[in-house]
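In: got a predicted structure plus its sequence, pasted below:
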Number of protein chains: 2
Amino acid sequence: MNAYDDKHFFEEYCKLREGENYNDILETPAMLSLLDFVEGLRILDIGCGFGKTSALLSDMGAQYVLGIDISERMIAKAGSEYKRRHVEYRVLPAEDISEIGEEFDLVWSSLCFHYVKDLEQLLKDIDSILRDKGTLIFSVEHPLSTASYDGYYTNGPDGWTGYHLSDYGMEGERRSTWFDTEIVTYHRMMSTILNMLVRSGFAVEHVLEPLPDDAAIKRLPRMIREYQKPSFAVFKAIKR
Amino acid sequence: MNAYDDKHFFEEYCKLREGENYNDILETPAMLSLLDFVEGLRILDIGCGFGKTSALLSDMGAQYVLGIDISERMIAKAGSEYKRRHVEYRVLPAEDISEIGEEFDLVWSSLCFHYVKDLEQLLKDIDSILRDKGTLIFSVEHPLSTASYDGYYTNGPDGWTGYHLSDYGMEGERRSTWFDTEIVTYHRMMSTILNMLVRSGFAVEHVLEPLPDDAAIKRLPRMIREYQKPSFAVFKAIKR
């Protein structure tokens, strides 16, 4: 069972996403800023969660959105809360996308790929279901955030003074506990992600390490820490 | 006057480069690993220093190497110690390469670009003197190394336990003291360097954050720290 299908974890996660949060203030706007247009696109949303962004992309004019997620609870919530006429939700792990048998103009994935063990295989699978010159936009937990086995912010007299970084060069599995549930993520260096994209047939078009502006910091003051160590990395790549 | 033309600084720098050092063990091999071939190439080496690599590229079969450096002392040393028949050394700042008026197959630059204030302009200048599909290979101090105003390693009971990182998101000037001389470098996030490359007409081909192998650590044990925070980032890009 994946963590998102654990009842307690799922409830806590939903609470977290209800309030002011990093995803809505920082990560989703960064992802959206990389979109040239949405009208008429056939979109695959990998790790769609409860469907908020799949629905948004549909509302923005997508022809069709297929949202997939490994979690049955997520897909159930998506189907009830973010139902749209041209959006379909399906329980499917990222590893099985070659089963879909359709071609897409855009593959979108928010904060999912750091859970994927064989990212290079996934990128190759994405390349094969994208049309020529199709676009991949995805975000991950920033490599600086996944690196440390015991990363922590250090508090100085003037506020956040830095971050204790370690093991950036030690790629591989990281185990952590989130709402009493063990989560496994995979740490990869920035260079590794970029080289996997190139080897899988993509041209790197844009990379973002999003930082909060003054308005964002006013809404969520602890976001000032993003200037010490960003939480997210966002990539836009084009199928060559 | 640039720091490398300060007599004391220059002498200390030369001593540093004589012993076992990070450049020879880690950075130069990483740069060389990105070369497909050298035979017959016309190469511009920006920030060639005392010419060691310009001479090496010539010895590897380059048709012609032009090594440029802002420092008169460096160019004088290059001309005397690394003289080669098909290598020319010239005092010229990176900012003035459009003056050269020649076309190159490969532009090579080792640990120079973090001293350049307007990197995007330089990348555009490089793009304009490269032949179609020409290659740019360069290294910089890793953004994790240039970031912190006061970065330091933390020593734990088991050795190096991490690095105090700060201000990764605060791009711009960094002043530090090296052999009693003030050095100005420019911190840029990884994403900024990549986006500048794309905007300047390059396709990103390969990125390396080189790590030492066991043999390297045996030669220089403190290199184990590279696994906490790499010192170098190396980029290979192709003119589109």
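Out: Arrived safely.
In: what's the neighbour count on A:Leu220?
Out: As a burial measure, the neighbour count of A:Leu220 was computed by other Cβ atoms under 10 Å in any protein chain shown and equals 17. Heads up, the C-betas are built off the backbone N, CA and C, glycines and all.
In: residues in contact with it?
Out: A:Glu20, A:Asn21, A:Tyr22, A:Ile25, A:Pro212 (Cβ atoms under 8 Å, 6 or more residues apart in numbering or on different chains).
In: what separates the second one from chain B, distance-wise?
Out: In this structure, A:Asn21 and chain B are 19 Å apart, going by Cβ to the nearest Cβ, to the nearest Å.
In: now that residue: closest residue in space, sequence neighbours ignored.
Out: Take A:Asn21 and drop its neighbours on the chain: the residue closest to it by Cβ to Cβ, 6 or more residues apart in numbering or on different chains is A:Leu220, 7.8 Å away.
In: which one of the contacts of A:Leu220 is nearest chain B?
Out: Here the nearest of these to chain B, counting by Cβ to the nearest Cβ, is A:Pro212; it sits at 9.1 Å.
In: quick one: what helix or strand has the closest one in it?
Out: Using DSSP states H and E, A:Pro212 is not contained in any helix or strand.
In: so who does it touch?
Out: For A:Pro212, the contacting residues are A:Ile25, A:Leu26, A:Leu220, A:Met223, A:Ile224, A:Glu226, taking Cβ under 8 Å, 6+ apart as the criterion.
In: and the closest residue to the fifth one other than its chain neighbours, how many neighbours?
Out: In this case it means A:Ile224. In this structure, A:Ile224 finds its nearest non-sequential neighbour in A:Ile217, 5.4 Å apart by Cβ to Cβ, 6+ apart. Using other Cβ under 10 Å, the number of residues around A:Ile217 comes to 17.
In: how close does A:Ile217 get to chain B?
Out: For A:Ile217, the distance to chain B under the criterion Cβ to the nearest Cβ works out to 12 Å.
In: pretty sure that residue sits against A:Arg225.
Out: No. The pair formed by A:Ile217 and A:Arg225 falls short of the contact definition of Cβ atoms under 8 Å, at 9.9 Å.
In: does the helix or strand of chain A with the lowest mean pLDDT reach chain B?
Out: One helix or strand of chain A scores below all others by mean pLDDT, DSSP states H and E: strand A:152-156, with a mean of 74. Yes. Shown here: strand A:152-156 in contact with chain B (Cβ under 8 Å from any Cβ of the partner chain) through A:Thr154.
In: please report how far the spatially most central residue of chain A lies from A:Asn195.
Out: Nearest to the centroid of the C-alpha atoms of chain A, with distances taken as Cα atoms, centre = their mean, sits A:Leu111, at 1.8 Å. Distance, A:Leu111 to A:Asn195, by Cβ to Cβ, to the nearest Å: 21 Å.
In: cool, A:Ser128 as well?
Out: Plainly put, A:Ser128 is 19 Å away from A:Asn195 if you go by Cβ to Cβ.
In: wait, a helix at A:Leu106?
Out: No. Membership of A:Leu106 in a helix is not supported by DSSP: H, G, I helix; E, B strand; the rest coil, which gives strand.
In: circling back: between the contacts of A:Leu220, which has the most around it?
Out: For the contacts of A:Leu220, neighbours were counted using other Cβ under 10 Å, and A:Pro212 has the most, 23 neighbours in all.
In: do the top strand by length along chain A and chain B meet at all?
Out: Taking DSSP state E as the criterion, chain A has its longest strand at strand A:130-141. No. In this structure, strand A:130-141 remains apart from chain B according to Cβ under 8 Å from any Cβ; the gap is never smaller than 12.2 Å.
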